[in-house]
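In: Show me how the following folds:
(2 chains)
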Amino acid sequence: MGIQSAGSAAGRGSSVGGQVLLVVLAACFLPSSSRAQQKPVALKGGRLLTVSHGVIENGVLLMSSGKITALGASGSVTIPKSAQVIDVTGMTVYPGLIDSESYLGLTEISAEQSTNDLIETSDEIMPHMHVYDAFHAESELIAVARLNGITNAIVAPQSQDTLPGQDSFIQLDGRSASDMLRVRDIALPLNFTGEQRRNESWEKRKFPETRMGLAAQLRQTFLDAQDYADRWAEYEKKKTEAAAKPEDKKAPPSPLKHDLKLESLLPYLQGKKPIVLAAQQPSDLETAVGLARQFNLKFVLNHISHSQTVLDYVANLKVPVIVGPIYEDPKNYERYDAVYKLPAELYKRGVKIAFASYDAHAVRNLPYAAGYATAFGLPHDEALKAITLNPAEIWGVADQLGSLDVGKTANVVVADGDPLDVKSDVKRVFVAGREMPMTSRQTELRDRYSQP
Amino acid sequence: MGRSTPLFLLAVLASLPVRVWAQPGAAPPSHQEVLIKNAVVMTVTRGNIQNGSVYIKDGKIAAVGKDVSAPSSATVMDAGGKYLTPGIIDSHSHIALDDDVNEATSPITPQMMMIDAFDYQDKAIYRGLAGGVTTSLLLHGSANMIGGQAVVIKHKYGARRDAMLFPGAPRSIKFASGENPKRVYGSRDQLPSTRMGNFAVQRAALVEAQDYMREWDDYNAKVKRGDKDAKAPKHDLKLEALAEVLRGKLLVQIHCYRADELLTEMAMAKEFGYKVRAFHHALEAYKVADELAAQGVAIATFSDWWGYKQEAWDAIPWNAVISMRRNVRVAIKSDSEDFARRLNQEAAKTMRYGGATEEEALKMITINPAWIIGVDDRVGSIEVGKDADLVIWDGYPLSSFGVPDKVLIDGEVYFDRSLPGFGMPHYREGE
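Out: Take a look at the predicted model:
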């Protein structure tokens, strides 16, 4: 069970020399199976928000061997005798939530630098950084997020570099990091928000201190990667030729030196994996999109919080948008709700959206951002979809996650109310069919000091 | 008045036994009469009134109830069954201060007056207003053990500076402790760089203020006796401000995280004879809630922020409710331009984490922060005689889904979501 694309994502990497290296890595990092669900569990009597096919009142959901094996109205599902039956009457049952950008496992205490592995800022071009190399599976933050029903998340490096390194997709339970890292190197962020300029102070100014510099550096990088691919292809060709005609007694070509930076860009240049293209204002958005088009990059958009005036242009790009955070302050010239209503405006234009916490400690608040967007016009069902099925589709894991459907991984949440409301208390969380303990370092402190 | 001549100040203070020093500003009262009807009136202090009405006269609440008679001249606002609450009060804010939040050049700067930096045109005031905030306490930052004196504003965006000041609000002073002062000065290899240094610096300043106060007391006694040779001591703004702390003329608001430091600050207050009004952040209050309650010290805390620094590592989202159940007066505050825009949602989290009732949650962003600021006799609930600072909500305010529809301050509509542009009848861009 689980999402088996970790190996394949890397293995598919490139058709050139780099492939050899990537395949080796993939073999090392194939996820082992998660802790297994011991016996079937039936959740009985709840209100099932399937996300994919509406709401089932007084439903039954059956989980076995880590998968959802049956669901339907009460009476329509046969519960095996061996199953543990949990009465969830009056409760809401919904798929585990998916955070489309978090820093889980890369930080513990923000101000304590020794606990941070968020980004390498020594260079702007760092696509060969892999968050899985830093991911700290024992982070106290993970249980805190999971307690609010977040079961999966993108882990991304922070955004001060144009190419800060590659994201991984995690499941918030597992024996070890390799267990939790479901898809390594799932996507590559490309940040173009102005924040990447090296213009902090006059003393610290260096190239690239302008957007021109950032864009030129990016173009050169992708050209170098293309050239690198070409040279490896040429090498492979010569090698094959030499091998095919040993009678020529030609010396085999000497292989090229590996360049990790350029090699890590190849799957993206070949359109095999998505770039997560971050921009805020229209001018940056258009520059970034232009760049992506120049190199035929497959991309999803990120943020675009201050691009309200070009939403039709955004819709015409026909790509999904990781939107927000909707709590981003509007610019002074913008109305107070300019960012709040962005999800609704994108939805109206047919854009597939997903929410993200863009945080580590506040991952647990992901559903509330989706809820707040409904106060500014986003339909409630779409808000829930934007933290379940939409991100599953965007990240290529919808065959496994994102809705209550037979055959999917049993990441299931039980709460005493609307998943998007701050007042709703999450009562149970299942990851791959296993019921999670509803404890964290925080509940332990609560319990210790609640005693009189 | 806020910056009166020191001599005047000391002389007057000596004769003012109870009331703390108030900030200036006189709100020109609106003479418009308004009747808000057909609302679920959440009074905060006297329960909810279904299908209730509020009659506003001269900027004040003149009547509240199911059947309220108002003259036919009153403008009628039909709330259409929506919720009506008092305006939200943010007891910890640093908006509208540009980058002038910290005078981080000395750990003791009580003579800093935040009003001198108050940028009344900052759009953050508008964005808070659109989130239902009508009153904010703008505090000095936490770089210094003793920072500056706060300013209390009403969010009347579009008005001139002095019209935004909360008239007659008591003055507050900001203290801080813990990581921030020791980091700021420690990173420059100055005192303080430890918590020992923090409290030593604070104690030394208060001892100096005691001496200063004694000099002035001696001088005043001599003058009273008719001693013509009495020589006035030199005025020192810093020590005069601290003398006001010792005389109980300023509300002391202390940035403090760890349980041990909450206790140390209370012990220091006892030692020097001043009262702590509230601990701000107070993320470990739940560990010493009984001690806080015994001293009558309130807390202004976050709903669920944690882990951003070491002293926030033991923060738990149940802090507010555990403390409240032990009789601590609790406010949820923003400390953030962002969170100030949705304090209702933050307060609602206390219903989930610990099971606060609707009224208890609402108190944490209305009457309790009003008490912390010292204006609970003026705002923070819907009661006759109080300022007509009110919010009509779209949706249920204590949820993810409630947002302000209209916000009134002193009986006038300052924000109306249905209006185009910025949604402010009193402000138009470029005019």
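In: Mind naming the longest helix for chain A?
Out: Using DSSP state H to assign secondary structure, the helix with the most residues in chain A is helix A:211-244.
In: which strands and helices sit next to that one?
Out: The contact analysis (3 or more Cβ pairs under 8 Å, 6 or more residues apart in numbering or on different chains; DSSP states H and E) places helix A:211-244 against helix A:260-269, helix A:282-294. C-beta coordinates here come from the backbone N, C-alpha and C atoms, glycine included.
In: so what does the shortest one touch, helix or strand wise?
Out: What it means is helix A:260-269. Based on contacts counted as 3+ Cβ pairs under 8 Å, 6+ apart, the elements that helix A:260-269 packs against are helix A:18-29, strand A:181-191, helix A:211-244.
In: switch the cut-off to 6 Å
Out: helix A:211-244 (3 or more Cβ pairs under 6 Å, 6 or more residues apart in numbering or on different chains; DSSP states H and E).
In: For the helix it packs on, buried residues please.
Out: For helix A:211-244, the neighbour count (16 or more other Cβ atoms under 10 Å in any protein chain shown) marks A:211, A:213-215, A:217-218, A:221-222, A:225, A:228-229, A:232, A:235-236 as buried.
In: Regarding residue A:343, which helix or strand does it belong to?
Out: For residue A:343, the host element (DSSP states H and E) is helix A:342-348.
In: For that helix, give me every contacting residue.
Out: A:311, A:321, A:323, A:353, A:373, A:376-378, A:382 (Cβ atoms under 6 Å, 6 or more residues apart in numbering or on different chains).
In: Show the average pLDDT along it.
Out: For helix A:342-348, the mean pLDDT works out to 98.
In: need the contact list for the spatially most central residue of chain A.
Out: Against the mean C-alpha coordinate of chain A, by Cα atoms, centre = their mean, the closest residue is residue A:154 at 2.6 Å. Remark: with contacts taken as Cβ under 6 Å, 6+ apart, residue A:154 is in contact with A:100-101, A:167, A:169.
In: quick one: which two of the residues you listed are the most distant?
Out: Looking at the contacts of residue A:154 by Cβ to Cβ, the two members farthest from one another are A:101 and A:169, with 11.1 Å of separation.
In: Please tell me which one of the contacts of residue A:154 counts the most neighbours.
Out: When neighbours are counted by other Cβ atoms under 10 Å in any protein chain shown, residue A:100 leads these with 31 neighbours.
In: and that one, what does it touch?
Out: Going by Cβ under 6 Å, 6+ apart, residue A:100 touches A:154, A:322, A:354, A:356, A:391.
In: Report the separation between it and chain B.
Out: When Cβ to the nearest Cβ, to the nearest Å is the yardstick, residue A:100 and chain B sit 19 Å from each other.
In: Just the element for that residue, please.
Out: Counting by DSSP H and E, the element that carries residue A:100 is strand A:97-102.
In: contacting residues around residue B:230?
Out: Residues in contact with residue B:230 (Cβ under 6 Å, 6+ apart) are B:219, B:222-223.
In: That one belongs to a strand?
Out: No. Secondary structure of residue B:230 (DSSP: H, G, I helix; E, B strand; the rest coil): coil, not part of a strand.
In: Let me see the confidence value for it.
Out: Residue B:230 carries a pLDDT value of 95.
In: what's the burial count for the residue lying closest to it once chain neighbours are set aside?
Out: What sits nearest to residue B:230 in space, not counting adjacent residues and going by Cβ to Cβ, 6 or more residues apart in numbering or on different chains, is residue B:222, at 3.7 Å. Neighbours of residue B:222 under the rule other Cβ under 10 Å: 15.
In: for residue B:213, same thing?
Out: A count of nearby residues for residue B:213, using other Cβ under 10 Å, gives 18.
In: residue boundaries of the strands in the stretch 301-450 of chain A?
Out: Applying DSSP state E, counting those that start in this stretch to the stretch 301-450 of chain A gives strands spanning A:321-323, A:353-355, A:412-415, A:426-431, A:434-435.
In: Can you say which of those is nearest to chain B?
Out: Counting by Cβ to the nearest Cβ, chain B lies closest to strand A:426-431 out of those; the figure is 9.1 Å.
In: Can you give me the buried ones in that closest one?
Out: Neighbour-count burial for strand A:426-431 [16+ other Cβ under 10 Å]: A:426, A:428-431.
In: Repeat that for stretch A:443-452.
Out: Applying a neighbour-count criterion of 16+ other Cβ under 10 Å, one finds A:443, A:445-446, A:449 buried in stretch A:443-452.
In: filter these by proximity to chain B?
Out: A:445-446, A:449 (Cβ under 6 Å from any Cβ of the partner chain).
In: Can I get stretch B:283-293 in CSV, CA atoms only?
Out: What follows is stretch B:283-293 as a C-alpha-only set of coordinates in CSV (Å, rounded to 0.1, in the frame of the first residue of the first chain):
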residue,chain,number,x,y,z
LEU,B,283,1.8,31.3,27.1
GLU,B,284,2.7,29.4,30.3
ALA,B,285,0.0,31.0,32.4
TYR,B,286,-1.8,27.7,32.6
LYS,B,287,1.1,26.5,34.8
VAL,B,288,0.6,29.2,37.4
ALA,B,289,-3.0,30.2,36.9
ASP,B,290,-3.9,30.1,40.6
GLU,B,291,-1.0,32.5,41.5
LEU,B,292,-2.2,34.9,38.7
ALA,B,293,-5.8,34.8,39.9
